[in-house]
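In: got a predicted structure here, sequence first:
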Amino acid sequence: MTALVHYAVAGSVARLTLDSPHNRNALSTALVEQLLQGFSDAADEPGVRAVVLGHTGGTFCAGADLSEAAGQDPGDIAVDRAREMTKLLRAILELPIPVIGAIDGHVRAGGMGLVGACDLVVAGSQSTFALTEARIGVAPSIISLTLLPKMSPRAAGRYFVTGEKFGAAEAAEIGLITLAADDVSDAVAALVAEIAKGSPQGLATSKALTTASILRGFDELAEDLTRQSARLFVSDEAREGMMAFLQKRPPNWVG
């Protein structure tokens with residue numbers, strides 16, 4: 001099996017590195033499974049106090065891998081993707097170890113959900129963020145569960161509907177990330193050094209306090225949002241939006 005996620009442990013840190021450059025680290029079924037395994041492995045490492053989620057290439061994560069949709073029922077695909085995303089985001093939130101996102105590249109769609117799920121996020125000057133779902137006739141349904149608790153309400157009201165790109169400084173200002181840094185590695189190392197002073201019990205319980213309300217949102221809303229995602233994905237507007245995107249032309253909205 002091709003390694004799309006690299007796992008390594010050094011001292012008190014487990015590193016998970018997304019390495020699927022051919023599709024901009026898109027969330028294929030294989031990549032999600034390897035990522036879930038990596039988080040599970042990190043939880044079983046007794047000396048690990050933090051997990052760093054990084055990437056190769058110029059894109060942290062481009063969202064779902066739409067190439068896997070060929071020849072399958074669109075409704076089934078949408079439901080499967082939503083359930084995979086829910087499982088992955090929950091795994092990050094429920095992990096008894098702080099997760100630090102280390103980003104110096106582009107983040108789109110489902111990748112934004114990963115950012116929202118991380119406990120701390122450092123982004124470099126090459127980072128850009130955008131929620132472009134509305135431009136192709138869908139919405140950031142499942143990932144809203146991790147984004148809305150982190151972003152300021154005004155920022156969410158703007159970026160959910162405009163699809164504008166914004167950089168690391170803006171992302172820090174609106175609460176999406178922890179800090180913007182010129183040197184991502186140095187900033188992450190400094191955070192890891194502070195986290196490593198904590199005990200396993202202290203870290204796990206302290207993190208759980210910060211994620212409890214977000215997880216309650218999953219329990220209350222995830223199933224409805226999964227159905228919403230599927231309904232939007234198979235709509236005429238979404239078909240037109242996705243075709244226009246692939247053909248690099250403006251969409252023809254008729255609704």
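Out: Yep, it's here.

In: can you name the residues that contact Ala212?
Out: With C-beta atoms under 8 Å, 6 or more residues apart in numbering as the criterion, no residue contacts Ala212. Yep, even glycine has a C-beta here, placed from its N, CA and C like the rest.

In: so it is in which element?
Out: Assigned by DSSP states H and E, Ala212 belongs to helix 200-233.

In: so after that helix, what's the next helix or strand?
Out: Per DSSP H and E, the first helix or strand lying C-terminal to helix 200-233 is helix 236-246.

In: what does that following helix rub up against?
Out: The contact list for helix 236-246, computed with C-beta under 8 Å, 6+ apart, reads 66, 135-138, 232, 250-255.

In: that older thread, could you check the angle the helix holding Ala212 makes with helix 236-246?
Out: With axes from the mean of the first three to the mean of the last three C-alpha atoms, to 10 degrees defining the directions, helix 200-233 sits at 100 degrees from helix 236-246.

In: what's across from the nearest residue to Leu114 once chain neighbours are set aside in the sheet?
Out: With C-beta to C-beta, 6 or more residues apart in numbering as the criterion, Leu114 has its nearest non-adjacent residue at 5.9 Å, and that residue is Cys61. Counting by DSSP bridges, Cys61 is bridged to Val107.

In: pretty sure Cys61 contacts Cys118?
Out: No. At 11.6 Å, Cys61 and Cys118 do not qualify as touching, with contact defined as C-beta atoms under 8 Å.

In: anything in contact with each of those two?
Out: Going by C-beta under 8 Å, 6+ apart, no residue sits against Cys61 while also sitting against Cys118.

In: where does the stretch 151-255 of the chain dip in pLDDT?
Out: For the stretch 151-255 of the chain, the stretches flagged by pLDDT under 70 are 255.

In: now do the host helix or strand of Val32 against helix 200-233, angle only.
Out: Val32 belongs to helix 29-43 when assigned by DSSP H and E. Angle, helix 29-43 to helix 200-233, by the same axes, to 10 degrees: 170 degrees.

In: looking only at pLDDT, what's the mean for the very next helix or strand once past helix 29-43?
Out: Using DSSP H and E, the next helix or strand after helix 29-43 towards the C-terminus is strand 50-55. In this model, strand 50-55 has a mean pLDDT of 98.

In: from the contact counts, what lies against strand 50-55?
Out: Packed against strand 50-55 by the contact rule (3 or more C-beta pairs under 8 Å, 6 or more residues apart in numbering; DSSP states H and E) you find strand 13-18, strand 99-103, helix 184-195.

In: can you list the ones you listed in TSV and add distance to Asp236 and mean neighbour count?
Out: Listed next are the helices and strands packed on strand 50-55 as TSV, based on distance: least, C-beta to C-beta, whole Å; neighbours: other C-beta atoms under 10 Å:
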stretch	distance to Asp236	mean neighbour count
strand 13-18	33	22
strand 99-103	35	26
helix 184-195	42	17
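
In: redo those as TSV? Include distance to Glu240.
Out: Listed next are those as TSV, based on distance: least, C-beta to C-beta, whole Å:
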stretch	distance to Glu240
strand 13-18	31
strand 99-103	32
helix 184-195	38
